[in-house]
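Visitor: what would the 3D arrangement of this be:
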Amino acid sequence: MSNTLTKSLPAGRLPGFAFTWLPVLLGLLALYFHTYWDLARYTWTQDNHAHGPMILAMALYITWKRREVFASCPSVHPNLAGWPLVLLGLLLFALGRSQEVILLAVSAQIPLFAGILLLTRGTVALRTLWFPLLFLVFMIPLPGFMVDGATGALKLQVSQVAEQA
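Guide: Presented below is the predicted three-dimensional model:
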């Protein structure tokens, strides 16, 4: 059984898999272009959030490494559990972009991507790509008060040890 991605094609022909995902990827690119542009210009230039591009690159790399397993997932009838996830993702995205809350706009991509996977390839594809999807959580820029609350006790302990040393 040959794989769609490794099968040799005549010159100028794209596999059917590309025709399925090209419109989806172009739509997601159009949707998220300005969000990623804002991340690159403002958020990822700060020391606290400079890890964002690395997280995105690693998630894309892991997805690329899983492409053969993903491509071999059977096309199924839409899993209706994908619609609430897509709607939640689009609602969070619209709210985040309209109110300029980058945290909401970036976090919206996780349920949106999960819903798209459920609608197009089913639960098998979602199980295949669960790790890169959840890994994107670390790309979400947290507000300063949340970072300070989470790291405050650790900073206090480190300063006490440094003082005693």
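Visitor: now do the strands in this protein.
Guide: Under the criterion DSSP state E, the chain contains no strands.
Visitor: for it, give me the ranges with low pLDDT.
Guide: Applying pLDDT under 70 to the chain flags the ranges 1-18, 75-77.
Visitor: ok, 50 please
Guide: Screening the chain residue by residue with the criterion pLDDT under 50, one finds the ranges 1-2, 4-6, 8-9, 12-14.
Visitor: what is the helix ranked longest in the chain packed up against?
Guide: Counting by DSSP state H, the longest helix found in the chain is helix 16-41. Secondary-structure packing of helix 16-41 (3 or more C-beta pairs under 8 Å, 6 or more residues apart in numbering; DSSP states H and E): helix 82-98, helix 102-107, helix 109-120. (C-beta placed from N, C-alpha, C; glycine too.)
Visitor: tell me what angle that helix forms with helix 109-120.
Guide: Direction vectors for helix 16-41 and helix 109-120, defined by axes from the mean of the first three to the mean of the last three C-alpha atoms, to 10 degrees, enclose an angle of 170 degrees.
Visitor: in helix 16-41, which residues are buried?
Guide: Neighbour counts using 16 or more other C-beta atoms under 10 Å place Phe17, Trp21, Leu31, Tyr32, Thr35, Tyr36, Asp38, Leu39 of helix 16-41 among the buried residues.
Visitor: just send the residues you listed back as JSON lines, with distance to Pro111 too.
Guide: Formatted as JSON lines, the entries for the buried residues of helix 16-41 read as follows, by distance: C-beta to C-beta, whole Å:
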{"residue": "Phe17", "distance to Pro111": "24"}
{"residue": "Trp21", "distance to Pro111": "19"}
{"residue": "Leu31", "distance to Pro111": "13"}
{"residue": "Tyr32", "distance to Pro111": "14"}
{"residue": "Thr35", "distance to Pro111": "15"}
{"residue": "Tyr36", "distance to Pro111": "18"}
{"residue": "Asp38", "distance to Pro111": "20"}
{"residue": "Leu39", "distance to Pro111": "18"}
